[in-house]
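Trainee: Turn this into a structure:
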Amino acid sequence: MAFMSRSKLILGVVFLLGLLVLCTAGYFFLSRQIIQYRQTQFLLGTVVRIDICAARQDQKKVLEGFDRAWERVRIIDARLTAYAANNDVAKINASYPHSVKVNSEVANIIRVAKDYCQKTKGAFDITIAPLMDLWKTAQAQQRWPSEDLVSIVQTAVGCDNVDVVGGDYIKLLHSQTKIDLSGIGQGYAADEAARILRQQGLKDFLVDMGGEIVAQGHNAAGRLWRVGIKDPNKPRELIRVITLSGQAVSTSGNYEKYYEISGKKYSHVINPVSGYPQEEITSVTVVAQNATQADALSTAICVLGYEKGLQLLSLLAPDAGVLIAEKDIAGHLKFYQNHAFEAIAINSP
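Mentor: Model prediction:
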């Protein structure tokens, strides 16, 4: 009887030890399980989404990463928005003929924007604001602007009308010149959010700044991030899906935003050189090393068109991928993509 009791006791101890090992292993498995965390906020005039993939035990680090990234994006939003009454952009736009001191970050973004303006021969231009205002007025009045009026407004457009002087001082050289940093601000904010997340030790994440996307590492399934590109004719459907990691993607086009005058829709992408909405290109998607570059180049290619756009890309970012959707006279879409884009595209959406 004593022998049986001791045997049962030994078996019981073995069972408990086995159970302890199983529980510990189960806890370890659950703690190492990769989870995709997501937060969204409305900033920079759009819905911003950040996804972070990490183990359960890293939740504190993930939440700190979210907090730091959102804090950085909110600062950029306050500095770059064109709708604030007292930020640096507003001060610049009200400063003519005087120079105005701005935050060093704003001055640096303007330097970068001027560089892209010069390299794209004006296809990308942060002084497009007067022409945008002209076409907004045309839509409100439902009247096509005259050629003379377009020509007059165009004199205020051009990156040479903005000068960075004495470090962080900005001077406008035309009384009607206004700047708008939205064409590069979202891409820049996406890059900065990604930089903060890396700084926090996070390796797997996706930042979506209203279409300007930076992807790093892998998703929760351990695969490269997948990004869908909308069909310009059917925005609820996808024309391509690409895999992305350590890269950024930006899409510019006229299928979601446009001016409507006398029942006809016109692209919201204005050609700074001609002064009129561009008509041929429906959308341009650029995959590049950073979102600032992708943002600026997608806009420039949208303005330049297929042939000149590809020439520009081969000069400024030969390793970048591009997908261009062009509409013919009958309204049918033609797609053009380079080898760099083909390498990351999935055959079926």
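
Trainee: how much space between Gly331 and Gly263?
Mentor: 16 Å (CB to CB, to the nearest Å). Where you see a C-beta, it was placed from the backbone N, CA and C, and this is true even at glycine.

Trainee: Also Gly65?
Mentor: Taking CB to CB, one finds Gly65 at 48 Å from Gly263.

Trainee: These two: which is more packed in?
Mentor: Legend: neighbour count by other CB atoms under 10 Å for Gly65 and Gly263, higher for Gly65 (25 against 6).

Trainee: So the more buried one is in contact with Asp204, correct?
Mentor: No: taking CB atoms under 8 Å as the definition, Gly65 is not a contact partner of Asp204, at 11.0 Å.

Trainee: Please identify every residue contacting each of the two.
Mentor: Taking CB atoms under 8 Å, 6 or more residues apart in numbering as the contact criterion, the common neighbours of Gly65 and Asp204 are Ile52.

Trainee: Counting by contacts, list what the helix or strand Ala190 falls within packs against.
Mentor: Ala190 is located in helix 182-199, with elements delineated by DSSP states H and E. Here helix 182-199 is seen to pack against strand 46-55, helix 59-80, helix 104-119, strand 205-209, strand 212-216, strand 247-253, helix 291-304 when contacts are counted using 3 or more CB pairs under 8 Å, 6 or more residues apart in numbering; DSSP states H and E.

Trainee: and the fifth one, what does it pack onto?
Mentor: If I follow you right, that is strand 212-216. Taking 3+ CB pairs under 8 Å, 6+ apart as the contact cut, strand 212-216 packs with helix 182-199, strand 205-209, strand 225-230, strand 247-253, helix 291-304.

Trainee: Where in the chain is the helix or strand with the lowest mean pLDDT?
Mentor: Least confident element among the helices and strands of the chain, by mean pLDDT, DSSP states H and E: helix 2-32 (a mean of 37).

Trainee: nearest residue to Tyr34 other than its sequence neighbours?
Mentor: Rather than Tyr, residue 34 is Ile. Spatially, and ignoring its direct neighbours in sequence, Ile34 is nearest to Ala220 (4.8 Å; CB to CB, 6 or more residues apart in numbering).

Trainee: Quick check: Leu172 touching Ala94?
Mentor: No: contact status for Leu172 versus Ala94: not in contact, 9.5 Å apart, counting by CB under 8 Å.

Trainee: which of the two has more neighbours?
Mentor: Neighbours were tallied for Leu172 and for Ala94 using other CB under 10 Å; the higher tally belongs to Leu172 (23 against 12).

Trainee: Excluding chain neighbours, give the residue nearest to the more buried one in space.
Mentor: On the basis of CB to CB, 6+ apart, the spatially nearest residue to Leu172 that is not a chain neighbour turns out to be Tyr96, at 4.5 Å.

Trainee: what about the one you found, how many neighbours?
Mentor: Neighbour count of Tyr96, defined by other CB under 10 Å: 18.

Trainee: Centroid-nearest residue for the chain?
Mentor: When the chain is reduced to its mean C-alpha position, the closest residue under CA atoms, centre = their mean turns out to be Glu212, at 1.5 Å.

Trainee: wait, that residue sits on Ala193?
Mentor: No: counting by CB under 8 Å, Glu212 stays clear of Ala193, with 10.2 Å between them.

Trainee: With adjacent residues omitted, what lies nearest to Ser245?
Mentor: The spatial neighbour of Ser245 that comes closest, neighbours along the chain excluded (CB to CB, 6+ apart), is Leu224 at 4.8 Å.

Trainee: what residues are up against that neighbour?
Mentor: With contact set as CB under 8 Å, 6+ apart, Leu224 has these partners: 215, 218, 243-245.
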